[in-house]
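Asks: coordinates only, sequence not included:
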């Protein structure tokens, strides 16, 4: 037989929101899902796959990694301030460099 002791909180713990890092990662996932839906929609309507999208698909991840490093520093203090800023800048520069290459790869599908 179970205990019949009265429980003060009756099993409810309340609402705990997700951390800022988890929310940033969720938004990165949303961006990738929108991209995948667009790619599948294109395939369904044209019966052809788009090629040369590798550099274009790295851009959201790189931007997101830079944002996560800054958010992580602001919430936990890790990595150090200089390392977080350096990582963010490097990621954003790499994203800026791969974006034109990815756009050129995307446009090569339409010639």
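Replies: Alright, I've got the coordinates. Just so it is clear, the model here is predicted, and its values are computed rather than measured.

Asks: drop to CA atoms for contacts and neighbour counts, all remaining ones
Replies: OK.

Asks: so what does whatever helix or strand residue 41 lives in touch, helix or strand wise?
Replies: With secondary structure defined by DSSP states H and E, residue 41 is part of helix 20-46. For helix 20-46, the contact count by 3 or more CA pairs under 8 Å, 6 or more residues apart in numbering; DSSP states H and E identifies helix 54-76 as packing neighbours.

Asks: Buried residues of the helix it packs on, list them for me.
Replies: Across helix 54-76, burial judged by 16 or more other CA atoms under 10 Å covers 55-73.

Asks: Which other helices and strands does that helix contact?
Replies: helix 20-46, helix 81-107.

Asks: could you dump these to JSON lines with distance to residue 13 and mean neighbour count?
Replies: Shown next, in JSON lines, are these (distance: least, CA to CA, whole Å; neighbours: other CA atoms under 10 Å):
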{"stretch": "helix 20-46", "distance to residue 13": "20", "mean neighbour count": "13"}
{"stretch": "helix 81-107", "distance to residue 13": "34", "mean neighbour count": "17"}
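
Asks: so can I have a markdown table of those helices showing mean pLDDT?
Replies: Compiled in a markdown table, those are given as follows (pLDDT from 0 to 100):
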| stretch | mean pLDDT |
| --- | --- |
| helix 20-46 | 97 |
| helix 81-107 | 97 |
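
Asks: tell me the centre residue of the chain?
Replies: Central residue of the chain (CA atoms, centre = their mean): residue 28, 1.9 Å from the mean position.

Asks: hang on, that residue packs against residue 61?
Replies: Yes - with contact defined as CA atoms under 8 Å, residue 28 counts as touching residue 61 (6.9 Å).

Asks: tell me, what's touching these two both at once?
Replies: Residues touching both residue 28 and residue 61 by CA atoms under 8 Å, 6 or more residues apart in numbering: none at all.

Asks: give me the number of residues near residue 13?
Replies: For residue 13, the neighbour count with other CA atoms under 10 Å is 7.

Asks: That one: what secondary structure?
Replies: Three-state call for residue 13 (DSSP: H, G, I helix; E, B strand; the rest coil): coil.

Asks: show me what contacts it?
Replies: By CA under 8 Å, 6+ apart, the contact set of residue 13 is empty.

Asks: pLDDT score assigned to it?
Replies: For residue 13, the pLDDT comes out at 81.
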